[in-house]
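Asks: generate a structure from the sequence data that follows.
(chains A and B)
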Amino acid sequence: MTLLETRALEVAIGSTTVCCSLDLAINAGERWCILGRNGAGKTTLLLTLAGLRPPQSGYIALRQQALSALPRRQVAQLIGILFQEQTDVFPANVFDTVLTGRHPWLGPLQWESDTDRAMARTALKAVGLADIEQRIVTTLSGGERRRLGIATLLTQDPQLLLLDEPTNHLDVHHQIQILQLLSDLATEDNRALLLIMHDLNLAARYCDRFLLLFGDGETAQGSAADVLTRPYLERLYQHPLLPLQGPQGQVWIPQ
Amino acid sequence: MIGRPRVLLLALLLLALLSLLLSLTSGTVNTGWHDLLALYRGEADAITAQVILELRWPRSAAAFTTGGLLALAGSLMQVLLRNPLADPYVLGVSGGAASGALLALLFGLGGFWLQGAAFSGALLSMLLVFGLSHGSGNWTTSRLLLTGVVIASGWGAVIGFLLALSPEQGLRNMVFWLMGDLSYASLPTTGSVILLGGLLAATAMGRSLNILIHGDLTAGALGIAVMPLRRLVYLLASLLTATAVTLAGSIGFVGLIVPHMLRLLGVRDHRLLLPAAVLLGGSLLVCADTLARTLLAPRQLPVGILTAMLGVPLFLLLLHHGRTLHGLDNR
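Replies: Numbering: from 1, shown residues only, chains lettered A, B, ... in the order given. Next up is the predicted model:
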């Protein structure tokens, strides 16, 4: 089933054209990855797909309904997003922050139930933050805050998860753990993922669909065999790359 | 943990009652708790009854309402601007009110006209900032803050101009008004209705405010229609501030420190913080006003001086205490 679909989507920010006529269909169970240089507009595209920023032109549909016409609350029940950075001015503790993920599911005057609290605890456990649920968020390390953001997203329980560099600030162990966790949501739970990644090899390992943003409005999309090729990638990054055959498949080494 | 919010609200309710009782029994005419009891039973003599019911009660009620309005408006402004330094006056509402009030005082007007002028000035400022900060459809926090701050300094110039124009004998009244003064306060019927309505509306939005404080993008991603909510919060906070300023002039400090005192006590959920702020702000201002009229009796001080004198040490104490409690040191 198609969750999110774009037709002739044009997105631009400043003088950069992110995409000029993008047709994209994200289906349940798919794991998408957006690749591109710094400043190519990956985050801008992600925000546009989440309905948080209007496109220049074109059409975005969420489950066959125009995204811009849907109430925010209904969108938030289906699409969740992890931002690149989260700055907090006022102190909040870890547990309350994760619990905010339940917001789209609660009525205006409704309080969080025990079920909501249980979901928050499960999510904290899944990312390995269960024992610091009373800590103040501003005292967490970069990696802990990243996992807190992912736990909030899990608590939100959306069908399509958009994640802007989910492995940012994470050590190797947590990179793999988090990507596996997210990947399972797609393969076992039939949700859809759209990740922005800079690590080509992790992207190739955990994603099955790729969208390349060349930074001039041109895009390419397809499976690893289609687009993770030397000509495409060298054009994408403007840097020579060397494919090597590793024990778990092909890896790319920048020269 | 489950019972804590309720305990806190109960404690604050008790504090509010105590402060009101204290203010009703203190003053130049010596009265005590037994007089209140006698009054309740209908056995009090005429003078005591008059002093308590006609002089002290309207003033105490006005103090409580004003304190509640300011604390509520301050909490909302801090969320709206995502800035812990925001207070009800930061966006120029009080400057507009002060300009209106001083203009009325300059023409020798008082009572209803003075209040009307103050309220009109506040509304004018609120609409001016609202309109100007919209610009090309971008209603960002920094744009709103900058517009408000600039308009506020504009009002500062108007206030200085009016003070310079004013004859010597009018200056004292003006200065008292500017510092916040409750001596002419009457029973705040409209004010308390606005306070109650505002509190209910704001508390109903409480869960959304908890999320708005994390930023517009996060709030949008969690299903909040950010712009309508922000407009509503702005209008509500401005209206509350305008009401408070109309009641008692620009009393400083209450709106800034009360929300922080509660946050330092560990209250972060706005569904609890907002009602708690009203109770604490009201109590604080009642105590300050009681001191303002008894400390140097029969001379009266502007209550704004007392809110700062009470608020500063109380806040510093909590800050010092809260630092070790909530890990503020590690930020």
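Asks: secondary structure class for the residue of the stretch 1-150 of chain A found nearest chain B?
Replies: Of all residues in the stretch 1-150 of chain A, the one sitting closest to chain B is A:Ala76 (3.0 Å; CB to the nearest CB). C-beta here means a position set from N, CA and C on the backbone, and glycine is covered the same way. Three-state assignment for A:Ala76 (DSSP: H, G, I helix; E, B strand; the rest coil): helix.
Asks: count of residues packed around the residue lying closest to it once chain neighbours are set aside?
Replies: Among residues not flanking A:Ala76 along the chain, B:Gly223 sits closest, at 3.0 Å (CB to CB, 6 or more residues apart in numbering or on different chains). Other residues within reach of B:Gly223, judged by other CB atoms under 10 Å in any protein chain shown, total 23.
Asks: contacting residues for B:Gly223?
Replies: B:Gly223 sits next to A:72-77, A:103-104 when contact means CB atoms under 8 Å, 6 or more residues apart in numbering or on different chains.
Asks: hang on, it in a helix?
Replies: No. Per three-state DSSP, B:Gly223 lies outside any helix segment and is coil.
Asks: tell me the backbone dihedrals of it, please.
Replies: phi 90, psi 20 (degrees, to the nearest 10).
Asks: about what we covered before: I'd say the residue of the stretch 1-150 of chain A closest to chain B and A:Gly101 touch.
Replies: No. Taking CB atoms under 8 Å as the contact criterion, A:Ala76 and A:Gly101 are not neighbours in contact, 9.6 Å apart.
Asks: who touches both of these two?
Replies: Common neighbours of A:Ala76 and A:Gly101, using CB under 8 Å, 6+ apart, are A:156, B:222.
Asks: pLDDT score for the residue nearest to A:Ala76?
Replies: We note a pLDDT of 95 for B:Gly223 in this prediction.
Asks: that one and B:Ser208: what is the separation?
Replies: According to CB to CB, to the nearest Å, B:Gly223 and B:Ser208 sit 9 Å apart.
Asks: any shared contact partners between the two?
Replies: Joint contacts of B:Gly223 and B:Ser208 (CB under 8 Å, 6+ apart) are A:His103.
Asks: what sits up against the helix or strand harbouring B:Leu15?
Replies: Under the criterion DSSP states H and E, the helix or strand holding B:Leu15 is helix B:4-25. For helix B:4-25, contacts defined as CB under 8 Å, 6+ apart pick out B:31-33, B:35-36, B:52, B:56-57, B:59-60, B:63-64, B:265, B:267, B:269, B:272, B:275-276, B:279-280, B:282-283, B:286-287, B:289-290.
Asks: could you redo the last one with a cut-off of 7 Å?
Replies: Outside helix B:4-25, the residues that touch it by CB atoms under 7 Å, 6 or more residues apart in numbering or on different chains are B:31-33, B:35-36, B:52, B:56-57, B:60, B:64, B:267, B:272, B:275-276, B:279-280, B:282-283, B:286-287, B:289-290.
Asks: quick one: contacts for B:Leu291?
Replies: Applying CB under 7 Å, 6+ apart, the residues near B:Leu291 are B:Leu306.
Asks: output the set of residues of chain B in proximity to chain A.
Replies: B:82-84, B:204, B:207, B:210-211, B:213-214, B:217-218, B:220-225, B:263, B:268, B:326-327, B:330-331 (CB under 7 Å from any CB of the partner chain).
Asks: buried subset of these, written for PyMOL?
Replies: To isolate the buried members of those in PyMOL, using 16 or more other CB atoms under 10 Å in any protein chain shown:
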select buried, chain B and resi 82+83+207+210+211+213+214+217+218+220+221+222+223+224+263+268+326
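Asks: among the contacts of B:Gly223, find me the one that's closest to A:Glu144.
Replies: Within these, the smallest distance to A:Glu144 is 22.0 Å, found for A:His103 (CB to CB).
Asks: hang on, that closest one packs against B:Ile211?
Replies: Yes. Applying CB atoms under 7 Å as the test, A:His103 and B:Ile211 come out as touching, 5.7 Å apart.
Asks: joint contacts of the two?
Replies: By CB under 7 Å, 6+ apart, the residues touching both A:His103 and B:Ile211 are B:Leu222.
Asks: if we can go back for a sec, tell me the mean pLDDT for whatever helix or strand comes next after the helix holding B:Leu15?
Replies: Of the helices and strands lying after helix B:4-25 in sequence (DSSP H and E), the nearest is helix B:33-41. For helix B:33-41, the mean pLDDT works out to 78.
Asks: name the residues of helix B:33-41 that are buried.
Replies: B:35-36, B:38-39.
Asks: ok, now stretch A:28-35?
Replies: Buried residues in stretch A:28-35 (16+ other CB under 10 Å): A:29-35.
Asks: tell me where chain A has strands.
Replies: Per DSSP state E, chain A carries strands over the ranges A:2-13, A:16-27, A:31-36, A:57-62, A:65-66, A:79-82, A:160-164, A:192-196, A:209-213, A:219-222, A:241-246, A:249-254.
Asks: can you lay out the ones you listed as CSV showing distance to chain B?
Replies: Shown next, in CSV, are those (distance: least, CB to the nearest CB, whole Å):
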stretch, distance to chain B
strand A:2-13, 14
strand A:16-27, 17
strand A:31-36, 17
strand A:57-62, 13
strand A:65-66, 16
strand A:79-82, 5
strand A:160-164, 9
strand A:192-196, 14
strand A:209-213, 20
strand A:219-222, 24
strand A:241-246, 33
strand A:249-254, 32
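Asks: would you turn these into CSV with mean pLDDT?
Replies: Converted to CSV, these look like this (pLDDT from 0 to 100):
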stretch, mean pLDDT
strand A:2-13, 95
strand A:16-27, 95
strand A:31-36, 96
strand A:57-62, 96
strand A:65-66, 96
strand A:79-82, 97
strand A:160-164, 97
strand A:192-196, 97
strand A:209-213, 97
strand A:219-222, 96
strand A:241-246, 90
strand A:249-254, 89
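Asks: before we move on, the earlier item: between the buried residues of helix B:33-41, which is nearest chain A?
Replies: Among those, and counting by CB to the nearest CB, the member closest to chain A is B:Leu36, at 37.9 Å.
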